[in-house]
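K.L.:
sequence unknown, structure follows:
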């Protein structure tokens with residue numbers, strides 16, 4: 001597995017410690033914090049707080065991908081995310097854009113995004129071409145179905161094997177387009193077309209997947225329905241469960257955790273690092 005991640009203006013040494021990616025949804029309808037950061041002023045305040053809390057990468061999302069969520073137009077997504085990218089770029093921190101639309105990818109890269117995080121694994125026509133010629137980091141995620149139908153009845157024979165095979169194929173497509181391996185991370189897609197049992201199997205299989213593909217894994221478990229199912233807690237009471245999920249992912253080898261609760265996750269990882277590395 002490569003130990004250096006190239007993300008536009010930034011380079012991260014993955015061997016030192018797991019990275020924390022903070023979620024900044026500028027949507028009216030995301031499952032956990034929809035509507036809270038739609039206004040640019042509030043998005044800026046949230047980003048600045050995450051930076052103070054120790055975030056490594058800020059992941060900006062302009063389209064909700066919760067189960068059953070409707071899609072938005074390219075223009076609507078651009079209207080939501082572009083002012084935020086331009087404003088946050090001045091903070092001098094790594095910015096990711098969570099999108100599956102090639103048009104948004106292109107504009108975000110021009111605006112200064114350092115990473116593209118695609119729940120659709122760069123499968124949309126033109127997605128690979130939109131990112132290949134840049135130097136931004138790329139996160140390839142697996143999803144069975146679409147946000148509209150993914151949780152209807154997800155079925156796998158071997159969830160770890162099938163997710164790994166999909167991710168391998170998408171990595172090969174990017175590599176064939178000239179993308180350096182040091183720009184690529186993979187995401188099993190917890191909650192995206194998976195039952196709780198599938199998610200737990202994937203959590204246990206992170207190291208296997210990481211070693212098989214030779215790429216760092218990004219794990220996004222924060223506040224998701226699997227945390228609710230395992231703890232019996234509603235979405236606004238899933239902090240402890242989310243921290244447990246983040247630490248479990250790191251224990252299995254994940255190098256990036258994508259979270260809502262940055263300060264708490266950073267603190268938990270500091271203790272984890274001290275206990276496991278003698279730091």
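P.N.:
Noted; the coordinates are in hand. All values derive from a computational prediction rather than experimental measurement.
K.L.:
buried residues in stretch 220-233?
P.N.:
220-228, 230, 233 (16 or more other Cβ atoms under 10 Å). (C-beta placed from N, C-alpha, C; glycine too.)
K.L.:
of those, just say which sits nearest to residue 89.
P.N.:
residue 220 (23.3 Å; Cβ to Cβ).
K.L.:
tell me the contacts of that closest one?
P.N.:
Residue 220 makes contacts with 187, 190, 257-259, as judged by Cβ atoms under 8 Å, 6 or more residues apart in numbering.
K.L.:
how about a cut-off of 6 Å?
P.N.:
Residues near residue 220 by Cβ atoms under 6 Å, 6 or more residues apart in numbering: 190, 258.
K.L.:
distance of it from residue 130?
P.N.:
Separation of residue 220 from residue 130 (Cβ to Cβ, to the nearest Å) stands at 22 Å.
K.L.:
check residue 191 too.
P.N.:
26 Å.
K.L.:
which one's more surrounded, the two?
P.N.:
Applying other Cβ atoms under 10 Å to residue 191 and residue 130 shows that residue 191 carries more neighbours, namely 25 against 22.
K.L.:
so what's that one closest to, chain neighbours aside?
P.N.:
Of all residues not flanking residue 191 in the chain, residue 224 sits nearest, at 4.5 Å (Cβ to Cβ, 6 or more residues apart in numbering).
K.L.:
if we can go back for a sec, what about the buried residues of stretch 220-233, which are in strands?
P.N.:
Per DSSP state E, strands hold no members of those.
K.L.:
identify, from these, the entry nearest to residue 151.
P.N.:
Nearest to residue 151 among the buried residues of stretch 220-233 is residue 225, at 8.1 Å by Cβ to Cβ.
K.L.:
which strand or helix spans residue 103?
P.N.:
Using DSSP states H and E, residue 103 maps to helix 102-111.
K.L.:
which elements pack onto the next helix or strand after that helix?
P.N.:
Later in the chain than helix 102-111, the nearest helix or strand by DSSP H and E is strand 115-118. Packing partners of strand 115-118 (3 or more Cβ pairs under 6 Å, 6 or more residues apart in numbering; DSSP states H and E): strand 94-98, strand 137-141.
K.L.:
my guess is residue 63 meets residue 74, correct?
P.N.:
No - taking contacts as Cβ atoms under 6 Å, residue 63 lies outside contact range of residue 74: 10.0 Å.
K.L.:
out of the two, which sits in the busier spot?
P.N.:
Each of residue 63 and residue 74 has its neighbours counted (other Cβ under 10 Å); residue 63 has more, 26 against 14.
K.L.:
and that one, that's in a helix?
P.N.:
No - going by DSSP: H, G, I helix; E, B strand; the rest coil, the assignment for residue 63 is coil, not a helix.
K.L.:
how about the contacts made by it?
P.N.:
Taking Cβ under 6 Å, 6+ apart, one finds 72, 77 in contact with residue 63.
K.L.:
so how far is residue 158 from it?
P.N.:
Relative to residue 158, residue 63 is positioned 31 Å away (Cβ to Cβ).
K.L.:
and residue 101, by the same measure?
P.N.:
In terms of Cβ to Cβ, residue 101 sits 31 Å off from residue 158.
K.L.:
give the other helices and strands that the longest helix anywhere in the chain contacts.
P.N.:
Using DSSP state H, we find that the single longest helix of the chain is helix 159-176. Applying 3+ Cβ pairs under 6 Å, 6+ apart, we find helix 159-176 packed against helix 196-204, helix 206-213.
K.L.:
next SSE downstream of that helix?
P.N.:
Following helix 159-176 in sequence order, the next helix or strand is strand 184-187 (DSSP H and E).
K.L.:
quick one: that next one to chain centroid distance?
P.N.:
Centre-to-centre, strand 184-187 and its host chain are 9 Å apart (Cα atoms, centre = their mean, to the nearest Å).
K.L.:
you'd agree residue 40 is up against residue 83?
P.N.:
Yes - assessed by Cβ under 6 Å, residue 40 is found in contact with residue 83 at 5.4 Å.
K.L.:
okay, the angle between the longest strand anywhere in the chain and strand 94-98?
P.N.:
The longest strand of the chain (DSSP E) is strand 19-25. Inter-element angle recorded for strand 19-25 and strand 94-98: 50 degrees (by axes from the mean of the first three to the mean of the last three Cα atoms, to 10 degrees).
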